[in-house]
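Peer 1: Would you be able to build a 3D model of this:
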Amino acid sequence: MQLHKRDVVEAATSLLDDYGIADLSMRRLARELDVSPGALYWHFANKQQLLGAVADRILAPVGAPAGDWRTRITGICGQLRDALLSHTDGAELVSASFAAAQSAVMADVLTWLGDAAVEAGVGSRHAELAARTVVYYVLGFTVDEQSRRQWDAAGAELPDGPSLLTDDPDARFAFGVRLLIDGILARQAQRVEKPV
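Peer 2: Modelled structure (predicted):
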């Protein structure tokens with residue numbers, strides 16, 4: 001049986017979902033596929049490339065929404081979070097892949113967010129930085145959210161009573177996205193008053 005790249009990515013994604021990123025190794029993946037580890041390197045030069053392909057598999061549902069810049073930023077943030085939460089350690093894996101510039105989908109996401117930022121009045125010189133800031137928020141929030149879910153599943157005690165740590169994560173996430181949008185609006189107003 002010939003091993004295809006998509007089979008390797010699917011098997012790696014299954015291992016991620018079953019065991020988490022810490023146990024996603026090339027050796028374990030090779031055992032799962034009943035091939036030698038060297039066979040994996042025919043498709044991927046290194047583990048970072050494999051993780052980039054898994055990140056793109058995780059992010060496949062994310063697309064460029066329609067609407068004004070606020071709607072697009074909010075939509076992209078929600079799609080990213082949903083995609084990341086749909087896989088064990090999805091946020092951690094995509095974050096590592098993003099840092100290593102191994103995800104084609106994240107490059108698209110940066111373009112979409114950058115375009116929205118420019119439409120909002122952010123100078124083109126700062127559009128990518130604005131886009132990355134939004135992505136950093138989503139990745140960081142979702143890594144934290146997945147960690148809390150794992151703690152809860154392991155029976156760890158969280159603080160009693162209402163707090164920022166135990167309230168509705170959807171509401172907390174939406175608050176952060178609104179805060180980012182408000183910051184973009186403030187930057188736009190600042191540029192109108194005094195060009196930066």
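
Peer 1: Give the buried residues for stretch 25-35.
Peer 2: Neighbour-count burial for stretch 25-35 flags Met26, Leu29, Ala30, Leu33, Val35 (criterion: 16 or more other Cβ atoms under 10 Å). Where C-beta positions appear, they are placed from N, C-alpha and C, glycine not excepted.

Peer 1: With respect to Thr74, which of those residues is nearest?
Peer 2: Using Cβ to Cβ, Leu29 is the member of those that lies nearest Thr74, at 36.1 Å.

Peer 1: packing partners for the least confident helix or strand in the chain by mean pLDDT?
Peer 2: Of all helical and strand segments in the chain, the minimum by mean pLDDT, DSSP states H and E falls on helix 169-193, at a mean of 85. Packing contacts for helix 169-193, counted by 3 or more Cβ pairs under 8 Å, 6 or more residues apart in numbering; DSSP states H and E, involve helix 69-85, helix 104-120, helix 127-153.

Peer 1: pLDDT (mean, whole number) over the second one?
Peer 2: For helix 104-120, mean pLDDT rounds to 96.

Peer 1: what angle separates that helix from helix 169-193?
Peer 2: Going by axes from the mean of the first three to the mean of the last three Cα atoms, to 10 degrees, helix 104-120 is angled at 50 degrees with respect to helix 169-193.

Peer 1: This structure - how does it break down into domains?
Peer 2: Domains of the chain are assigned by automatic domain parsing as 5-57, 59-193.

Peer 1: So what's the model's average confidence on the first one?
Peer 2: By that I understand domain 5-57. Averaging pLDDT along domain 5-57 yields 93.

Peer 1: Any idea how far it is from the middle of the chain?
Peer 2: Taking Cα atoms, centre = their mean, to the nearest Å, the mean C-alpha location of domain 5-57 is offset from the chain mean by 19 Å.

Peer 1: Give me the nearest residue to Lys5, chain neighbours excluded.
Peer 2: Distances taken as Cβ to Cβ, 6 or more residues apart in numbering place His43 nearest to Lys5, at 4.6 Å, with adjacent residues excluded.

Peer 1: just to revisit the earlier point, when you compare where the least confident helix or strand of the chain runs with where helix 69-85 runs, what's the angle?
Peer 2: 150 degrees.

Peer 1: contact partners of helix 169-193?
Peer 2: The contact list for helix 169-193, computed with Cβ atoms under 8 Å, 6 or more residues apart in numbering, reads 69-70, 73-74, 77-78, 81, 117, 120-123, 130, 133-134, 137, 141, 145, 148, 164, 196.

Peer 1: Fine by me, we can end here.
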